[in-house]
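*Asks:* Next one to model:
(4 chains)
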2 protein chains.
Amino acid sequence: MRRIGDFKKKARIILIDDNFDHLSGVKELISMESDYDVIATATSANVGISLIKKYRPDVVLMDINMPEKDGLSAIQEIEKLDLGVKVIALTGYDDSDLIFRAMKIGAKGYILKTMASAQLIYAIEEVVNGKIYLPAALSSRFFEYFQKSFREEMNEVTDEENLLTYLTAREEEVLELLTQGVTYKGVASQLFISETTVKTHVNNIFQKLQVNDRTQAVLYALNNGFGNRKRMKVAI
Amino acid sequence: MRRIGDFKKKARIILIDDNFDHLSGVKELISMESDYDVIATATSANVGISLIKKYRPDVVLMDINMPEKDGLSAIQEIEKLDLGVKVIALTGYDDSDLIFRAMKIGAKGYILKTMASAQLIYAIEEVVNGKIYLPAALSSRFFEYFQKSFREEMNEVTDEENLLTYLTAREEEVLELLTQGVTYKGVASQLFISETTVKTHVNNIFQKLQVNDRTQAVLYALNNGFGNRKRMKVAI
DNA sequence: GTCTTAATAGACCAAAGGGTTTAGACCGCT
DNA sequence: AGCGGTCTAAACCCTTTGGTCTATTAAGAC
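*Replies:* Predicted coordinates:
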């Protein structure tokens, strides 16, 4: 119940879902909660994004299984606008890869359409309060996927021997510059040594890394965690 | 209570904590639960790892703030043994970077020493059942950090213009091979074209990417999400 | 003091890479 | 039919890179 002097602002929500029935259902559900206002709805991502630009809602519930423009790209686009809008992904699939990608691009929550309405409300509440919400079941899936993607990388980098460890300090300096695309001449002047010295170092590097040219040396360095930087490949 | 015919196996646990008082406390706490057996304890990571190799426990509770060998390296070492041992990180700090790193290297849980004992027991239970457990509060911190590390990358890759988009299909094929360390001769034979044609393509690539040589072109490609692969830098 | 390793650097040669220009063939578009 | 873009390829020349061998110097190990 609201009285005069009750200044608590209702959180403003926009719903985006190509399934009109589901959209109405969710709207109905949320409207029963006095704390939230569904200020607009859309059945396509593009229309939804225009509405978001126009109304600057607090929260967006986004179905990510839509035809024309998929929900993930839409979320990415919304994040790029940087309006501070909190997006909750809504979908039927509890696919760990999907969840991972959604969280990666900035979703503040991810809930399944099959979940109880109380959970949806709770998720909105948490997200409005600046938290990130994942149902326990999805949280597990997310972490599995997360750890898997890093384990693969660990093996690449840690496994067996890392030939980079055989390099001397000076050789590492030289390689460091090579990984920045510097020429021999450039390396020479930056390290205050002659170009022939650079060549000597580079040749030693090639032998130690068992490669034939600069490009391969640079690739080896990058793929095997040069310095303390590790690199990971992940498809969005 | 156990009776004859009760075949349920107790989960076997090893505790590693350099603080002997805390270690005893936790041991006491767990022993009150009839489902778990603390089969060994250690006050240093190295001793702990030997015990793990010897006894193959189901779960390890590892304090990650220890002197000599830090707990994170210890976890990494345990994971590399690949014994299926589930490690729960135990610490006083709810530092999001720490949590991120612990989860990244394979911890199945992360709990704070200040947390209620019931939560510790619950975490063990979840982990024993193959799940991953993070207290809600830490979960939030983890996700913040996770999203932050990816947002930085997104900006690098998505921001402004990606010169790679100007490349023709053929040029992309050539560049793809260059990013694998293939020489011009190799590219020529793999694409069934002459070496001079390769050089023509490569020169066009250089101009479009505004670089001067193969190494720089390869680096540009790698850093700007060549194909649908994005690369991220993360220090372990 | 001797031995080893790392860093420095020169000479010389061969191979690969890079810049520029020109040009034919093919494709899609208007 | 003509225009523009792409793919193909050659000729010519110059620069950079890579391979090998040799040699001096300094630092550290034993």
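*Asks:* What are the boundaries of the helices in chain A?
*Replies:* Using DSSP state H, the helices of chain A run over residues A:20-31, A:45-55, A:71-81, A:96-104, A:117-128, A:136-158, A:169-178, A:184-191, A:195-209, A:214-223.
*Asks:* Just want the angle from the first one to helix A:117-128.
*Replies:* The one in question is helix A:20-31. 70 degrees (axes from the mean of the first three to the mean of the last three Cα atoms, to 10 degrees).
*Asks:* tell me which residues of helix A:20-31 are tucked away?
*Replies:* Neighbour counts over helix A:20-31 (16 or more other Cβ atoms under 10 Å in any protein chain shown) mark A:23, A:26, A:30 as buried. Bear in mind the C-beta positions are built from the backbone N, C-alpha and C, glycine included.
*Asks:* Please name the nearest non-neighbouring residue to A:Tyr145.
*Replies:* A:Ser96 (4.0 Å; Cβ to Cβ, 6 or more residues apart in numbering or on different chains).
*Asks:* contacting residues for the one you found?
*Replies:* Listed by Cβ atoms under 8 Å, 6 or more residues apart in numbering or on different chains, the contact set of A:Ser96 reads A:141-142, A:144-145.
*Asks:* Wait, A:Asp94 touches A:Ala136, no?
*Replies:* No - using Cβ atoms under 8 Å, A:Asp94 makes no contact with A:Ala136, being 11.7 Å away.
*Asks:* Who has more neighbours out of these two?
*Replies:* A:Asp94 (17 against 13; other Cβ atoms under 10 Å in any protein chain shown).
*Asks:* Now do the same contact list for that one.
*Replies:* A:112, A:137-138, A:141.
*Asks:* Check those residues one by one and keep those near chain B.
*Replies:* Among those, not one lies near chain B by Cβ under 8 Å from any Cβ of the partner chain.
*Asks:* ok, these vs DNA strand C, which is closest?
*Replies:* A:Leu112 (42.9 Å; Cβ to the nearest atom of the strand).
*Asks:* Skipping adjacent residues, who's closest to the closest one in space?
*Replies:* A:Asp94 is the one closest to A:Leu112 (Cβ to Cβ, 6+ apart), at 5.8 Å.
*Asks:* That neighbour and A:Ser117, how far apart?
*Replies:* Distance from A:Asp94 to A:Ser117, counting by Cβ to Cβ, to the nearest Å: 18 Å.
*Asks:* next one: A:Lys27
*Replies:* 12 Å.
*Asks:* Low-confidence stretches in chain A?
*Replies:* Applying pLDDT under 70 to chain A flags the ranges A:1-8, A:66-69, A:154-161, A:225-236.
*Asks:* Closest to the centroid, which residue in chain A?
*Replies:* A:Lys104 (2.1 Å; Cα atoms, centre = their mean).
*Asks:* isn't it right next to B:Arg151, touching?
*Replies:* No - A:Lys104 is beyond contact range of B:Arg151, at 9.3 Å (criterion: Cβ under 8 Å).
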